[in-house]
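Enquirer: predicted coordinates and the sequence they were generated for:
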Amino acid sequence: MPLNKPPRVPKLRTHKATGQGYVVLNGQAVYLGRAGLSETERRYHQVIAEWLAAGQQPKVQPADITVKELLARYWVHARGYYRDAGGRPTTQLHVLRSALKPLRELYGESRAAEFGPLALKAVRQRMIDLGWSRTTVNQSISRIKQVFRWAVENELLPGGVYHAVQAVSGLRRGRCAAREPEPVGPVPAAMIDAIKPFVPKPVWAMIQLQLLTAARAGEIVAMRPCDIDMSGRVWTYQPAEHKTAHHGHARTIYIGPRAQEVLRPFLKRPVGAHLFSPAEAMAERREARHKQRKTPLSCGNRPGSNQVEQPTWRPGDAYTVAAYRRAIAYACDRAFPPPKPLTRQPKESLAAWGARLTAAQRVELAAWRREHRWHPHQLRHNAATELRREFGVETARVILGHRSAAVTEVYAELDRAKAVEAALQAG
């Protein structure tokens, strides 16, 4: 639902038997005093204003609300808050759901007003036990603190609860049991080329565009012809939504000649349509399978004859970042298949495969995938490294869309060959 749609405001009513003015909020009548008086109307506007400020949710006593009820109320707020300009939910909802799950599992039935620093530390330890990295734990704890801040802001909890949980400091490197996150680096070129036979044309085009433009995965999947200015030798693409749009920052992606050649086959579509479509990729896959068909058309199913009238899933008109990432992961598994005992066999269901693998085999499979899989965000590191090496950090900063060169250094791998050469000459 778009954020600009105004909520329906309940009207001030009159109870005929008693002459009282009242309003119905969330199925409950709130009596405001004698109907027709200015004080009653003023009270009505005050109650409506507080109800709207609370996200159209009923008011409760702070002593009664449980952590589960608090999270449910915050989730209503989050679903309306974390949306892009088009009214679509952002990926922050998925991150938030993951961060709040340990809290709900451990303290869902507890009273929120009694939640304190020790309870938050217990939730943090649960995250560590689940194998989360130190930075992920710190970010998740910060999101939980944000929930309690919102609760205090909306008079669902006393202010002391938020101030108490604020006393829990973040985990420090080398001073906690949480593992350190593995650094994200560029993808070796050989690993990129290896998956080309196993991805559809739209996915391979998105991979090439990320390498050539240093754009984020979310910016690539959202590309539309109407967002691209093709008037100059270098095209420019200004995404309607991007990572720092809510800060008021503009984002311009520069598309050079090689990237233009990648885009051209996908520009023959309505100006408002997305360039890269899973539905087209599915049609391409079916066409390829049809060409490999060995059964005569007089036997078996003809193309289009074996379709479900109401399928549970249909390919969309635009890729999401998650779908783009899954397509690359699937291609990596085909390009670098794990050892046979760990591989899903033909005609073996996912449930049967999962039941067949032992705990040790699952650990081995996860290690294999960490070694042989890569994700779209790494392509931005590839592009950043090349830009920094060829044109310097300031040019790389502009193309990457960073506000600070220090952020660009995180993405760009240092050219160690130059450092070695300098050391040989100097020392």
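Expert: Okay, I see it. Numbering: from 1, shown residues only.
Enquirer: so which elements touch the one helix or strand Ile192 maps to?
Expert: Using DSSP states H and E, Ile192 falls within helix 189-194. Packing partners of helix 189-194 (3 or more Cβ pairs under 8 Å, 6 or more residues apart in numbering; DSSP states H and E): helix 321-335. Where C-beta positions appear, they are placed from N, C-alpha and C, glycine not excepted.
Enquirer: low-confidence stretches in the stretch 251-400 of the chain?
Expert: Applying pLDDT under 70 to the stretch 251-400 of the chain flags the ranges 300, 302-308, 310-313, 393-400.
Enquirer: the helix holding Ile192: how far from the chain's middle?
Expert: Offset of helix 189-194 from its chain centre (Cα atoms, centre = their mean, to the nearest Å): 26 Å.
Enquirer: and stretch 274-294, by the same measure?
Expert: Distance, centroid of stretch 274-294 to centroid of chain: 27 Å (Cα atoms, centre = their mean).
Enquirer: before we move on, what about stretch 264-277?
Expert: 24 Å.
Enquirer: can you give me the distance of Gln361 to Glu50?
Expert: As judged by Cβ to Cβ, to the nearest Å, Gln361 and Glu50 stand 56 Å apart.
Enquirer: next SSE after the helix holding Ile192?
Expert: Taking DSSP H and E, what comes next after helix 189-194 is helix 201-213.
Enquirer: touching, Arg173 and Pro181? I think so.
Expert: No: with contact defined as Cβ atoms under 8 Å, Arg173 does not reach Pro181; the gap is 10.3 Å.
Enquirer: quickly list what's touching both of these two.
Expert: Arg134 (Cβ atoms under 8 Å, 6 or more residues apart in numbering).
Enquirer: count of neighbours near the nearest residue to Pro202 once chain neighbours are set aside?
Expert: Excluding the flanking residues, the one nearest Pro202 by Cβ to Cβ, 6 or more residues apart in numbering is Phe276, at 4.0 Å. By other Cβ atoms under 10 Å, 22 other residues sit near Phe276.
Enquirer: with Gly21 instead?
Expert: 22.
Enquirer: what do you get for Gly354?
Expert: By other Cβ under 10 Å, neighbour count at Gly354 equals 11.
Enquirer: ok, so what distance separates it from Tyr330?
Expert: 17 Å.
Enquirer: cool, and Arg285?
Expert: The value you get for Arg285 to Tyr330, if Cβ to Cβ is used, is 12 Å.
Enquirer: what segments of the stretch 51-200 of the chain are strands?
Expert: Under the criterion DSSP state E, counting those that start in this stretch, the stretch 51-200 of the chain carries no strands.
Enquirer: how about the helices in it?
Expert: Per DSSP state H, counting those that start in this stretch, the stretch 51-200 of the chain carries helices over the ranges 67-81, 92-107, 117-129, 134-153, 159-165, 189-194.
Enquirer: so what's the backbone phi/psi at His274?
Expert: phi -70, psi 150 (degrees, to the nearest 10).
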